[in-house]
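1. here is a sequence together with a model predicted from it:
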Amino acid sequence: MRAVLFLSVALLTFLYTGCASTSGNKADMVKADVARPQSLFLARLQQRTTAQTSELADGSIKVAFPGITAFSHDGARISDEQQSVLSSVVESLEHIEYQKLTVVGHTDSSGKLAYNNTLSQQRAEQVKAFLLQQGLTAERVTAEGRGPAEPVADNKTAQGRAANRRVELVLAF
């Protein structure tokens, strides 16, 4: 009889703690579901590349590629090194639902502003085309040029200007 009583108490305790640990409000459960694609993407990306990621105020993820020369001084052709890293991003997104990927193109500050704005858009469009060739869908990928407005390095040095000739990706989940 004691064994039955003990097993009953143990079973009730197990059921109670199991139910208590899985119960929660719906908002917490929704947050956990929303975080899963982001977490999975970040974990996969971290395994494949040294891309730098940060979470933006709206919950989207910005992917930057420091240390990679993405473009020549006056060009929109994507370097082989940048193509390799972009391929890793696409692989990391495989089977992950995301709402939108925005390619943001940048330039250094040498030259005229209007020219740099156009060049940054061309760079973003080149990366977008590459991502589409890799299998991403056109409905979810946009391109945006920001010219020299958001430098990440000093434009007074050749190294700084090279760092500012870049693209960044912003992923909304």
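-> That came through fine.

2. where exactly do the helices run in this protein?
-> 2-22, 26-48, 80-92, 113-133, 158-164 (DSSP state H).

3. looks like Leu42 contacts Val63 (just checking).
-> No - counting by Cβ atoms under 8 Å, Leu42 does not reach Val63; the two are 9.4 Å apart. C-beta here means a position set from N, CA and C on the backbone, and glycine is covered the same way.

4. more crowded one of these two?
-> Val63 (22 against 17; other Cβ atoms under 10 Å).

5. quick check, that one in contact with Leu45.
-> Yes - at 7.2 Å, Val63 counts as touching Leu45 under the criterion of Cβ under 8 Å.

6. got any residues that touch both of those two?
-> Common contacts of Val63 and Leu45, defined by Cβ atoms under 8 Å, 6 or more residues apart in numbering, comprise 51, 53, 89.

7. give me the common contacts of Leu42 and Val63.
-> Common neighbours of Leu42 and Val63 (Cβ under 8 Å, 6+ apart) are Thr53.

8. for Val90, what are its contacts?
-> Contacts of Val90 (Cβ under 8 Å, 6+ apart): 131, 134-136.

9. repeat that for Gln134.
-> 86-87, 90.

10. of those, closest to Gln121?
-> Leu86 (17.5 Å; Cβ to Cβ).

11. residues contacting the closest one?
-> 78, 127, 130-131, 134 are the contacts of Leu86 under Cβ under 8 Å, 6+ apart.

12. check the helices of the chain for me: which has the lowest mean pLDDT.
-> Per-stretch mean pLDDT for the helices of the chain is lowest at helix 2-22 (a mean of 40).

13. distance of Ala143 relative to Arg77?
-> 15 Å (Cβ to Cβ, to the nearest Å).

14. more neighbours: which of these two?
-> Comparing Ala143 with Arg77 by neighbour count (other Cβ under 10 Å), the higher total belongs to Ala143, at 21 against 13.

15. so Asn164 sits against Ala149, correct?
-> No - taking Cβ under 8 Å as the definition, Asn164 is not a contact partner of Ala149, at 10.3 Å.
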